[in-house]
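Engineer: Structure for this input, please:
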Amino acid sequence: MEALLDAVGTAALILLILVGLAAGYLAGKLAGRNMALYLIVGVVAAVATPFMLAALGIGILAAGGLLFLMVVAAIGALVVLALVRLIVGRR
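Structural biologist: Numbers count the residues shown, from 1 in each chain. Predicted coordinates:
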């Protein structure tokens with residue numbers, strides 16, 4: 001059972017990274033510059049969002065399944081990328 005949970009955890013982490021890369025890629029294409037910055041921020045935000053929500057006591061992520069986790073990660077990454085765009089865009 002532990003091996004199954006480890007495999008699911010590893011798959012979820014890989015999917016979170018892919019979601020972050022996709023969000024960062026889209027943000028970089030829209031911004032037209034700083035592609036590496038957007039990719040890195042997208043990955044960090046997508047991986048961190050589920051953990052931050054769990055730390056806040058929002059336990060619905062565990063019951064929602066892997067697809068719901070990916071949707072939440074994508075939304076979190078897009079919000080953080082929009083904030084980065086506001087900050088970087090003013091320079």
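Engineer: What segments of this structure are helices?
Structural biologist: Along the chain, counting by DSSP state H, helices occupy 2-31, 35-55, 60-89.
Engineer: Pipe those helices into JSON lines and attach mean neighbour count and mean pLDDT per row.
Structural biologist: Any C-beta I mention is one placed from the backbone N, CA and C, and that applies to glycine too. Shown next, in JSON lines, are the helices of the chain (neighbours: other CB atoms under 10 Å; pLDDT from 0 to 100):
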{"stretch": "helix 2-31", "mean neighbour count": "15", "mean pLDDT": "81"}
{"stretch": "helix 35-55", "mean neighbour count": "18", "mean pLDDT": "87"}
{"stretch": "helix 60-89", "mean neighbour count": "16", "mean pLDDT": "81"}
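Engineer: Closest to the centroid, which residue in this structure?
Structural biologist: In the chain, the C-alpha nearest the mean C-alpha coordinate belongs to residue 46, at 1.1 Å (CA atoms, centre = their mean).
Engineer: For that one, list the residues it contacts.
Structural biologist: By CB atoms under 8 Å, 6 or more residues apart in numbering, residue 46 lies in contact with 16-17, 19-20, 23, 73-74, 76-77.
Engineer: Check whether residue 23 really touches residue 75, as I assumed.
Structural biologist: No - here residue 23 does not reach residue 75: they are 9.2 Å apart, not a contact under CB atoms under 8 Å.
Engineer: what's the distance between the nearest residue to residue 46 once chain neighbours are set aside and residue 57?
Structural biologist: Leaving aside its sequence neighbours, residue 46 sits nearest to residue 20 (CB to CB, 6 or more residues apart in numbering; 3.2 Å). To residue 57, residue 20 is 23 Å away according to CB to CB, to the nearest Å.
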